[in-house]
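Student: got a structure for you, letters missing:
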């Protein structure tokens, strides 16, 4: 019964739940072959696929699929509350994206193509594993929670995806400001990919506070999910958002 429910929800949400992270990493892998062909080290670009592309893909899917449903009015009449259904879909989307990211990071580690600049050689294997996990897990949960809240707050799936995309682009354009301004580190999502490693004057706090940055992102993501869970209880707001879409 449980697995039948999972299959039903995945089929209802569409193949994009499973195919999006897979296609993202396949595209990243193919482009990395081109980089290798032109004698450019592809490890940083492969890391960007994990840290930057899978999170925004999962965030947009959650912001467009989970909060709203074509049969929302009917579902709200069921004994099972809609917020439970929505949260179950969010978990499924996150598990699919995290599974692809975990498999991809394992393959990169086996091929020695992983790009984790703050790792220390003397660290135990488990610590290095956790470090590699936090590279993509923190931005994945942050983007998912943020897009969920924005979509519910603005009552628009399109607006939620657009705002998340704008934040993603802003991280790239203003990366130097984010690096130099310590109090902005809680919203610095992609330090592994965007930090200009190799620069002569690398901020000392960039390495020292890397774990703090990851924990702050995870804490903020938890707040987003709690806020989204609360807003999913607002039946009137969900119906109004569905009618406006």
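Tutor: It's in. The model shown is predicted, which means the values in this text are computed figures rather than measured ones. Residues are numbered from 1 along each chain as shown.
Student: what are the ranges of the helices in the protein?
Tutor: 2-13, 16-37, 43-48, 54-65, 72-75, 82-110, 125-154, 157-173, 175-180, 191-194, 204-208, 210-231, 235-244 (DSSP state H).
Student: Take these and write them to CSV, including mean neighbour count and mean pLDDT.
Tutor: (Glycine included, C-beta is placed from N, CA and C.) Below are the helices of the chain laid out as CSV (neighbours: other C-beta atoms under 10 Å; pLDDT from 0 to 100):
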stretch, mean neighbour count, mean pLDDT
helix 2-13, 12, 64
helix 16-37, 16, 85
helix 43-48, 20, 85
helix 54-65, 25, 90
helix 72-75, 14, 56
helix 82-110, 18, 86
helix 125-154, 22, 86
helix 157-173, 16, 90
helix 175-180, 15, 83
helix 191-194, 23, 82
helix 204-208, 13, 53
helix 210-231, 17, 89
helix 235-244, 15, 56
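Student: List the contacts of residue 143.
Tutor: Applying C-beta atoms under 8 Å, 6 or more residues apart in numbering, we find residue 143 in contact with 55, 56, 58, 59, 164, 168, 189.
Student: Kindly report the same for residue 23.
Tutor: Contacts of residue 23 by C-beta under 8 Å, 6+ apart: none found.
Student: gap between the closest residue to residue 154 other than its chain neighbours and residue 114?
Tutor: Nearest residue to residue 154, sequence neighbours excluded (C-beta to C-beta, 6 or more residues apart in numbering): residue 160, at 6.3 Å. Taking C-beta to C-beta, to the nearest Å as the measure, residue 160 falls 32 Å from residue 114.
Student: Next, work out how far apart residue 54 and residue 144 are.
Tutor: With C-beta to C-beta as the criterion, residue 54 and residue 144 are 11 Å apart.
Student: same thing with residue 92?
Tutor: 12 Å.
Student: now residue 51
Tutor: Distance from residue 51 to residue 144, by C-beta to C-beta: 14 Å.
Student: Could you do residue 161 as well?
Tutor: 12 Å.
Student: OK, contacts around residue 134?
Tutor: Residue 134 touches 211, 214, counting by C-beta under 8 Å, 6+ apart.
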